[in-house]
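In: Predicted model, plus sequence, below.
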Amino acid sequence: MNEILLVEDNPDDVELTMRAFRKSNFLNNIVVARDGIEALDYLFAAGAHEGRDVTSLPQVMLLDLKLPRLDGLQVLERVRANPKTKLLPVVILTSSTEQRDLLGGYTRGANSYIRKPVDFQEFVEAVRQLGLYWLLLNHPPPTV
Amino acid sequence: MHIAIHCVAALGLLFVAVTGRIAYRTARAFPTYAERVVRAVENPVAIAERDGRPRSERLGRITAAVGRVTTYVTVSVVLSLTLLLTSHLLLVREIYRREHIERELHDANRELESFSYSVSHDLRAPLRSIDGFSQALVEDVGPALAPEARSHLDRIRTATQRMGQLIDDLIGLSKVSRSEMKHERIDLTDLVGQIVVELRRQNPDRQVDVLVRQGMTATGDPQLVRLALQNLIENAWKFTARRPRATIDIGQSRDEEGVTAFYVGDNGVGFDSNYADKLFGPFQRLHSVSDFPGTGIGLATVQRIVHRHGGHIWAEGHTDQGACFYFTLG
């Protein structure tokens, strides 16, 4: 299952990210979660996603930091704390490069940290490279 | 407040010294007094005859003298203790005052931090939407758009990106104030060399003569000092862009008080010296953006870095005759 889980609450950002993925023909592989709880529900087949087949995980989770309810860093903590998802590749995709976000992300075991550029063309390019790298180039960890 | 504390403490110490000296002299004189008293008691008649005074009068004088000294010493001790206590109380009050200010400063810093955190997250998101959807519009209906409409969209995007740059620069400036300072020995000549190599790599088409004085060192925060020098050298690089033979001179001299001052000079467009005081204000620009790009935050950043090191910065220059920026690092 070649799949990217996009955790993003801002509808504009979702739309623009989807547009960018569409340009690189990765659109069929994107699953969107609108906040931290929904992301965890998807990963662990709970709540609205109860009964979902969880034998395979997404290739990568693109995680925004400022999210309602459970924020990005808390999501990352829970993902790393669970034996099923502790190896899941997580890329933080957010607006800032504040020291505490970078440190907070990496100390909780983020695999990569990308700042969304304001310039849409740069953003499209970043998303294209992300898709290429995590869906095609990178080998995910074996399923536990 | 400081002067008051110092005066009171000094007075207190003076009184302690005076009291000490009196006590010392009294103690030293004591055997003489004692001997006289003993002799007066043992041989009152002989002494009375020799001195021509009755024994009771002598004893009375000695007792009075001892009494005077005791009073004097007691008053001095009480006075000096009072003064020392007062100065101590003043000091304690001053410490509380400072602790209060420190707490306020700490709160203000935390507020600034959460403010710039929120700015860097929340202010950029709408800009991304404006830029992204303008671009989407160009892509989706571009051919159908009138040239004027297209140009409007281009302007929206340019302005959006400029605002993004301004926000980034503002956040950068506030980071300069917030970061922890290190104090290390820095090889400035080496640092300048690295910056120049990078500038040459980024602008291979520019011909710039860069003179760097050898053996320049300073003490400060390596990252901040690098940022300051980078801003100054990049400015020199930028404002000499129209010179067929651009020259940048980086070296050291001394300020009026003999403190080592480093300078970055160039033969670029310079600035109107009437506006020299505006150079270091955030978002202040003395040249139009179309002539020389930039957000006007560079020199404000440099000034803040220099101030955090306890140094000062000043500039010399004239329109079309180059500019030279001097700074000390405390």
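Out: Thanks, I have it.

In: so what strands line up beside the strand or helix carrying A:Val32?
Out: Using DSSP states H and E, A:Val32 falls within strand A:30-33. Here strand A:30-33 is paired, per DSSP bridges, with strand A:4-7 (parallel).

In: confidence score at residue 144?
Out: I went with chain A, as the question did not name one. pLDDT, A:Val144: 62.

In: Chain B, not that one
Out: Note on B:Ala144: pLDDT of 88.

In: quick one: low-confidence ranges for chain A?
Out: Scanning chain A for pLDDT under 70 picks out the ranges A:1, A:144.

In: what about the helices in it?
Out: Assigned by DSSP state H, the helices in chain A fall at A:11-23, A:36-44, A:72-81, A:99-107, A:120-131.

In: all helices for the stretch 101-250 of chain B, in order.
Out: Secondary structure of the stretch 101-250 of chain B (DSSP state H, counting those that start in this stretch): helices at B:124-141, B:147-178, B:188-202, B:222-239.

In: residues in chain A within reach of chain B, list them.
Out: A:10, A:12-13, A:16, A:19, A:65-66, A:94-100, A:116-121, A:123 (Cβ under 8 Å from any Cβ of the partner chain). Glycine gets a C-beta too; all of them are placed from N, C-alpha and C.

In: Filter those down to the buried ones.
Out: Buried members of the residues of chain A next to chain B, counted by 16 or more other Cβ atoms under 10 Å in any protein chain shown: A:10, A:13, A:16, A:19, A:65-66, A:94-96, A:98, A:116-120, A:123.

In: so which pair among the residues you listed is furthest apart in space?
Out: A:Arg19 and A:Glu98 (26.7 Å; Cβ to Cβ).

In: Count the neighbours of B:Glu139 for me.
Out: 12 (other Cβ atoms under 10 Å in any protein chain shown).

In: swap in the one 10 residues further on?
Out: If you count neighbours by other Cβ under 10 Å, B:Ala149 ends up with 14.

In: And the residue nearest the centre of chain A?
Out: By Cα atoms, centre = their mean, chain A has its centre lying nearest to A:Leu62, at 1.7 Å.

In: what's near enough to touch that residue?
Out: A:4-8, A:17, A:91, A:93, A:130 (Cβ atoms under 8 Å, 6 or more residues apart in numbering or on different chains).

In: Check the stretch 51-200 of chain B for the residue nearest chain A and tell me.
Out: Closest residue of the stretch 51-200 of chain B to chain A, Cβ to the nearest Cβ: B:Gly164 (3.5 Å).

In: ok, that residue touching B:Arg124?
Out: Yes: using Cβ atoms under 8 Å, B:Gly164 is in contact with B:Arg124, at 6.4 Å.

In: Pull up the overlap in contacts between these two.
Out: A:Val118.

In: Those two: who's more crowded?
Out: B:Arg124 (22 against 19).

In: I'd say that one and A:Thr97 touch.
Out: No: with contact defined as Cβ under 8 Å, B:Arg124 does not reach A:Thr97; the gap is 10.6 Å.

In: can you tell me how far the spatially closest residue to A:Leu73 that is not a sequence neighbour sits from A:Gly36?
Out: Leaving out its chain neighbours, the residue that sits closest to A:Leu73 by Cβ to Cβ, 6 or more residues apart in numbering or on different chains is A:Gly104, at 5.0 Å. Applying Cβ to Cβ, to the nearest Å, the value for A:Gly104 to A:Gly36 is 14 Å.
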